[in-house]
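> Can you look at this prediction? I've put the sequence above it.
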Amino acid sequence: MQPGWVTGLVFRTIYGTICNMFCDVPKTQNIHVMASTSYSFLCLCVPLVVLGLFPAKCALGVVRGGRAAVTLKSVLNHWEQRTFDRAENLFEQTFKNIDDVLFKEAGCGNELDYVEQTSWVLFLKYLDDLEKERESAASLSGKSYEPILRDEYRWGVWAMPRTEDGEIDHHAALTGDDLTEFVNGKLFPYLSKFKTAADSFDTIEYKIGEIFSEIRNKIQSGYSLRDVLNYVDELRFQTSSDKHEMSHLYEDKIKNMGNAGRNGGEYYTPRPLIRSIVKVIAPKIGEKVYDAAVGSAGFLVESFDYMRDPENHKGKKLSVKDVRTLQKETLFGKEKKSMAFIIGTMNMILHGVSAPNIVHTNSLTENLSDIQEKNRFDVCLANPPFGGKERKEVQQNFPIKTGETAFLFLQHFIKMLRAGGRAGIVIKNTFLSNSDNASVSLRKELLESCDLHTVLDLPGGTFTGAGVKTVVLFFEKGNPTKNTWYYQLNLERNLGKTNPLNEDDLAEFVELQKTKADSDNSWTVNIKDVDQTSFDLSVKNPNNNDEVVLREPEEILDEIERLDGEASEILETIRGLV
């Protein structure tokens, strides 16, 4: 071994460890740090050699050690990529296998059912891996661990019992009618009781009870359920990369729900749109983020990812206190429908929120006059359902009476915001111009109580399967609106299932919104210039030169008369041929 080789390698190993401590580089990447700093060390060594303060052979060892580190880094990179690809393929194939089983299952009719049934099984597997992590952590610290579930209800006992050599114990594993009877008659009732026994609603125990109080097993065949359990057992939730990959695949399943018929599309808002809205609102650690129509929790998940990303904190790593605040005191949601509640909860768990603050309730049943300051939030983000009709008794909770669900939600969000609070709400574009009393009154209320600073006009096809056009309202509560900046998203293609919205489509909007600059697609309207009777906020791009030439009424009548004459002549010709 060359003199100084070990010296150089050890020197850089120590340096890499220091970098890890202060630069938030994972310890498994020490070798990457070593390799990337090799030539920095060379630059340091050369003047020291010249001055006689560092042996030349040791300097040469530094270089050679660096070359070895670079070679090892390339091997690691290749290994990591292959590992990631294998995990990705495994997870994707497993999800496909589960769908194939459920497709043949009489109790599951479409993609909505597939996601729902996959969710509760995934949750129990996640819970088992969580128990193992907690058990290991307690053992390492010399503490005792009290399992969340009793032994007979743990995954490794009822779902996947194993022999001493780690193989599945087929004699002990339930299947067929025995399995469905256990799940329906014992497991679900046991798990549903956690809701009343939990100490607090923000614990994993409460979430267990809440989920299994709202869901039922639709997999009627115990043999099909056994197949699903076997496939899910192949999945792992023990590393951040596992959870990251799983969360992306779960998002894909939620996205596919939009093609499942019925109301599947209401659970999924395009993630590029959500990410762009979150970037504009820019929630901060310490602020409370709220979605009263949480669906699959896309807005809360993206807010979570945004706030924990060091790039959004000037590269500063979150402190332990920040992480705790983000986990327990930041993200809040409500959801009316059982399926959406289950899916949203599972989606947040897979993205790293251990006990999501999602409540299964109808937000609109809360009387606005009962909302106090302590109930309010700093940020509201949502895509409330369109076109729904609420009952008369629900409408009584709102000062502006309307049966349109989205308009009730908008009133709810305005009331739930603190002074200075910010909101990004997706709503039908007809809200901007409808002439009915409720729409006019709501626009007036929004403009007088909030600063409606931005309106994003989205093209048709943004929401797969939805025939309505939408806009996003960005506003801040506390001051009346003086000017509103509009951005019209004009794309040179038609959006659809095979050609969806992407983040590049919205990049110009996000950039221009920072300064509210004018462009071919953006302009500013002074609210004083808006009709003060109708408060019509329609999107009318003044930069659009495609004017429609309107003909005079007499000209139109003459055209109709001419066409009628031609039609009569054709009809007579046809009669002559008969």
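Yes, it's here.

> So what's the residue count around Cys108?
22 (other CB atoms under 10 Å). No exception for glycine: its C-beta is placed from N, CA and C like everyone else's.

> ditto for Asp227
Asp227: 20 neighbours (other CB under 10 Å).

> Pull the contacting residues for the residue lying closest to it once chain neighbours are set aside.
Leaving aside its sequence neighbours, Asp227 sits nearest to Val101 (CB to CB, 6 or more residues apart in numbering; 4.7 Å). Applying CB atoms under 8 Å, 6 or more residues apart in numbering to Val101 gives the contacts 224, 227-228, 231.

> and with 6 Å instead?
Contacts for Val101 were tallied using CB atoms under 6 Å, 6 or more residues apart in numbering; they are 224, 227-228.

> mind checking how far it is from Leu225?
9 Å (CB to CB, to the nearest Å).

> As a markdown table, the contacts of Val101 with pLDDT, secondary structure and distance to Asn375 would be great.
Formatted as a markdown table, the contacts of Val101 follow (pLDDT from 0 to 100; DSSP: H, G, I helix; E, B strand; the rest coil; distance: CB to CB, whole Å):
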| residue | pLDDT | secondary structure | distance to Asn375 |
| --- | --- | --- | --- |
| Ser224 | 95 | helix | 45 |
| Asp227 | 95 | helix | 46 |
| Val228 | 94 | helix | 41 |
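
> from those residues, which single one is nearest Asn97?
Asp227 (8.0 Å; CB to CB).

> Name the residues that touch the longest strand along the chain?
In the chain, assigned by DSSP state E, the strand with the most residues is strand 417-428. Strand 417-428 is contacted by residues 277, 281, 376, 378-383, 386, 406, 413, 468, 470, 472-478 when judged by CB under 6 Å, 6+ apart.

> Whichever of the residues you listed end up buried, select them in PyMOL.
Here is the PyMOL command that selects only those of those that count as buried (16 or more other CB atoms under 10 Å):
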select buried, resi 277+281+376+378+379+380+381+382+383+386+406+413+470+472+473+474+475+476+477
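
> Narrow the contacts of strand 417-428 to those in strands?
Per DSSP E, the contacts of strand 417-428 map to strands at 378-382, 470, 472-477.

> Distance of Val379 relative to Ser534?
30 Å.

> what helix or strand does Val359 sit in?
Element membership for Val359 (DSSP states H and E) is strand 357-360.

> Can you dump the C-alpha atoms of that strand in CSV for me?
The C-alpha coordinates for strand 357-360 follow below in CSV (Å, rounded to 0.1, in the frame of the first residue of the first chain):
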residue,chain,number,x,y,z
ASN,A,357,-55.3,15.4,12.2
ILE,A,358,-58.2,14.5,9.8
VAL,A,359,-61.7,14.4,11.3
HIS,A,360,-64.5,12.5,9.7
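
> Check which residues of it are buried.
Counting neighbours by 16+ other CB under 10 Å, strand 357-360 gives 357-358, 360 as buried.

> got any ranges where the stretch 251-400 of the chain has weak pLDDT?
Residue ranges of the stretch 251-400 of the chain with pLDDT under 70: 257-267, 388.

> Could you do the chain as well?
Scanning the chain for pLDDT under 70 picks out 1-90, 238-244, 257-267, 388, 464-467, 545-552, 578.

> Return the residues in contact with Glu572.
Glu572 neighbours (CB under 6 Å, 6+ apart): none.

> gap between it and Gly565?
Glu572 is 11 Å from Gly565, by CB to CB.

> Distance from the chain centre to stretch 375-390, please.
16 Å (CA atoms, centre = their mean, to the nearest Å).

> Now Thr524: which helix or strand?
Per DSSP H and E: strand 522-526 holds Thr524.

> Pull the distance from that strand to the chain's centre.
On CA atoms, centre = their mean, the centre of strand 522-526 falls 31 Å from that of its chain.

> which helices and strands does that strand pack with?
Packing partners of strand 522-526 (3 or more CB pairs under 6 Å, 6 or more residues apart in numbering; DSSP states H and E): strand 483-488.
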